[in-house]
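I'll drop the sequence and a predicted model, then ask my questions.
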Amino acid sequence: MVGSGTGLKISFGTEFALSALISPLGAGLRSLSFGSEIVVPDYPGEERPLHAGAVLFPWAGRLPDGIWDDRGVIRVFPLNDLSTHSAIHGLVCDEPFEVVKHTNESVTLSYLLGASESYPHSLRLTVGYELGETGLVVHDEVINEGKTSAPFALAHHPYLSVGDYLWEDIRVEALLTHAAASSERLVPTSIEALPSSAAQSVSNIAPEAMDQSYRLTVRDGEHSHYRLITPGRVVDMWQDDHWPWLHVYGTNTLPTDKGGSKAVALEPHTSLPNSLNWPQTLAVLEAGEMWRGSWGISPPTKGPGERESL
């Protein structure tokens, strides 16, 4: 079994097998390994640290003071990030999902988010994880089972291991068009276009410097690709055109079986953090409508100098 926690194991192949562990609580990705290469490190115990692997829905990021301006109606969520006095990362992170299907190579989980005073919409979220020759593919589906149009955002929060390399030797390479400037409460305040000369690489990911969202170059029907690069290896990830945003966050203290470690969260986002208060970036489903989106993590390759640029 990959990692030390409990969950649903999936694997693919025999020699250099791919393995992952999925938590039924919040349908989160606990761990991911390609042979002996640990890409997403597991955490000890059952309590998810730092939102590791969590599914963020129906919003991502922090809602300051828990307040959402729902098309002129002010709604309030309970605060769960007291350091910034915010409601953070949605309503399903620690909810038990129904296991719809579990095979050797895949698992599908589902959860019905019922209407409440804070979020008066009924949405069914289905999350599927599948391992294959191309690595890990994650399929998400949202169906509006209510009677009114429902705005939502969706994100995943995987942490990727970066070993003991210096932060200045770690970078993300991507095709980017915009960056979101944030306040001291880690809430986006504006969207700024990036100059073409600076639109290829994100560095300075050290925890004191990086907790930021970027808009990827998005083309209809195509995937956006990006890479986490350390001297030892390159990990490729991709998002389809339903995920235009990427959030990047570094930490020195991700709990693992070996203690706190360095890791970088590369988070596929459909919308900006503080999602519900950025209506121009939200997805909206009419009653009965369905949304689908996919993203994935490819097997790691050798460090820089082994591959061409994007």
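Structure received. Numbers count the residues shown, from 1 in each chain.

so where's the stretch 51-200 of the chain shaky on pLDDT?
Counting by pLDDT under 70, the low-confidence segments of the stretch 51-200 of the chain come to 197-199.

Show me where it has its helices.
Counting by DSSP state H, counting those that start in this stretch, the stretch 51-200 of the chain has no helices at all.

Contact partners for the residue most central in space within the chain?
For the chain, the residue nearest the mean C-alpha position is H156 (2.2 Å; Cα atoms, centre = their mean). Shown in contact with H156 (Cβ atoms under 8 Å, 6 or more residues apart in numbering): 29, 53-56, 138, 267-268, 295. No exception for glycine: its C-beta is placed from N, CA and C like everyone else's.

ok, of those, which come out buried?
Buried subset of those (neighbour count, 16 or more other Cβ atoms under 10 Å): 29, 53-56, 138, 267-268, 295.

Including distance to A17, could these go into JSON lines?
Putting the buried ones among the contacts of H156 into JSON lines (distance: Cβ to Cβ, whole Å) gives the following:
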{"residue": "L29", "distance to A17": "17"}
{"residue": "G53", "distance to A17": "20"}
{"residue": "A54", "distance to A17": "25"}
{"residue": "V55", "distance to A17": "25"}
{"residue": "L56", "distance to A17": "29"}
{"residue": "V138", "distance to A17": "19"}
{"residue": "E267", "distance to A17": "26"}
{"residue": "P268", "distance to A17": "25"}
{"residue": "W295", "distance to A17": "22"}
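
Report the two of the residues you listed separated the most.
A54 and W295 (14.5 Å; Cβ to Cβ).

pretty sure A155 contacts H269?
Yes. With contacts counted by Cβ atoms under 8 Å, A155 reaches H269, the gap being 4.3 Å.

Give the residues shared as contacts by those two.
60, 247.

how close does I191 get to D220?
20 Å (Cβ to Cβ, to the nearest Å).

So which residues of the stretch 201-310 of the chain form strands?
Along the stretch 201-310 of the chain, counting by DSSP state E, counting those that start in this stretch, strands occupy 201-202, 211-216, 224-229, 233-239, 245-256, 259-269, 283-285, 290-297, 301-302.

ok, L25 - contacts?
By Cβ under 8 Å, 6+ apart, the neighbours of L25 are 46, 48, 94-97.

how close does it sit to P151?
25 Å.

for W167, same thing?
Per Cβ to Cβ, W167 is found 36 Å from P151.

P273 too?
15 Å.

again with V264
From V264 to P151 the distance is 29 Å (Cβ to Cβ).

And those two? Which one has more around it.
Using other Cβ atoms under 10 Å as the criterion, V264 and P151 rank with V264 on top: 26 against 20.

thinking again about what came up before, rebuild the contacts of L25 as TSV, extending it with neighbour count and distance to E105.
Formatted as TSV, these follow (neighbours: other Cβ atoms under 10 Å; distance: Cβ to Cβ, whole Å):
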residue	neighbour count	distance to E105
E46	12	25
R48	20	24
D94	14	26
E95	17	25
P96	13	23
F97	23	19
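
how about H178, what does it touch?
191-194, 214-215.

just curious, which of those is nearest to I10?
So of the contacts of H178, ranked by how close each gets to I10 (Cβ to Cβ), first place is Y214, at 29.9 Å.

how near is the closest one to L246?
Per Cβ to Cβ, Y214 is found 5 Å from L246.

same question, P231
Counting by Cβ to Cβ, the gap from P231 to L246 is 22 Å.

Next: L154.
According to Cβ to Cβ, L154 stands 14 Å off from L246.

neighbour count winner among those two?
L154 (27 against 24).

follow-up on the earlier one: okay if I get the contacts of L25 as a markdown table plus distance to L82?
Listed next are the contacts of L25 as a markdown table, based on distance: Cβ to Cβ, whole Å:
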| residue | distance to L82 |
| --- | --- |
| E46 | 22 |
| R48 | 17 |
| D94 | 17 |
| E95 | 21 |
| P96 | 25 |
| F97 | 27 |
